[in-house]
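In: Structure for the following, please:
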Amino acid sequence: MNNKSVLKTKQAGYFFNLILICAVILFLPQAPAAASAEGKNAVKPNKHGSPCPEPERHKSGFIVKINKMIKSGAALTQTRYCRIKKEIEKLRERMNKRLEQINSKMEKLSRERSQINELLIDLKTSEAEFDKLKILAQALESAEANVEKSGTVEVKVR
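Out: Residues are numbered from 1 along each chain as shown. Purely as a prediction, here's the structure:
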């Protein structure tokens, strides 16, 4: 009898643990790691009140600010004018450098494209020749099979 009561107590303990685990899973909120990852990967809505109007979307924020200063007609101090002028020069240098990099990449890509086109043409001609070899090999195999069966050689050449 003592063994039966021990078994019943263990079963009751397992059952209680199972209910407790189910309750924890059902009633606790989502894990914070999953919620933060969900927030990072979520699609951010477009801002309709963005500072750049539609025609100026391609412009950098710096250029938009300069255009606003020009439209407002406000006077600038000498130091601010010099600082903005230096920033304009830096931006021009960076954009010219980036444009050179892009042009260089485009030249490399166009050369690579022409090389790939030549390789595809060579591959096509080689494949056609290979298919002929394959067909000749099949003809020789069938001719060998005919020799074994009949003892005479019959080869058909096209």
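In: What strand or helix carries residue 102?
Out: helix 78-150 (DSSP states H and E).
In: Report all helices and strands that that helix contacts.
Out: The contact analysis (3 or more C-beta pairs under 8 Å, 6 or more residues apart in numbering; DSSP states H and E) places helix 78-150 against helix 61-72. Glycine gets a C-beta too; all of them are placed from N, C-alpha and C.
In: Check the burial of the residue nearest to residue 69 when sequence neighbours are not counted by counting its neighbours.
Out: Nearest non-adjacent residue to residue 69, counting by C-beta to C-beta, 6 or more residues apart in numbering: residue 76, 7.3 Å away. By other C-beta atoms under 10 Å, 11 other residues sit near residue 76.
In: So residue 76 sits against residue 84, correct?
Out: Yes. If you go by C-beta atoms under 8 Å, residue 76 and residue 84 touch, sitting 7.4 Å apart.
In: what is in contact with these two at once?
Out: By C-beta atoms under 8 Å, 6 or more residues apart in numbering, residue 76 and residue 84 have no common neighbours.
In: so residue 75, which of the three states?
Out: Secondary structure assignment for residue 75 (DSSP: H, G, I helix; E, B strand; the rest coil): coil.
In: how about it, what does it touch?
Out: No contacts exist for residue 75 under C-beta under 8 Å, 6+ apart.
In: Can you read off the backbone torsions of it?
Out: phi -80, psi 150 (degrees, to the nearest 10).
In: now do residue 74
Out: Taking degrees, to the nearest 10 as the convention, residue 74 sits at phi -70, psi 140.
In: That one: how many residues sit nearby?
Out: Neighbours of residue 74 using other C-beta under 10 Å come to 8.
In: what about this structure, any weak spots by pLDDT?
Out: 1-8, 10, 22, 28-58, 134, 137, 145-158 (pLDDT under 70).
In: what about 50?
Out: For the chain, applying pLDDT under 50 flags the ranges 48.
In: tell me, how many neighbours does the residue nearest to residue 66 when sequence neighbours are not counted end up with?
Out: Sequence neighbours aside, residue 84 is the residue nearest to residue 66 in space, at 7.0 Å (criterion: C-beta to C-beta, 6+ apart). Residue 84: 15 surrounding residues under other C-beta under 10 Å.
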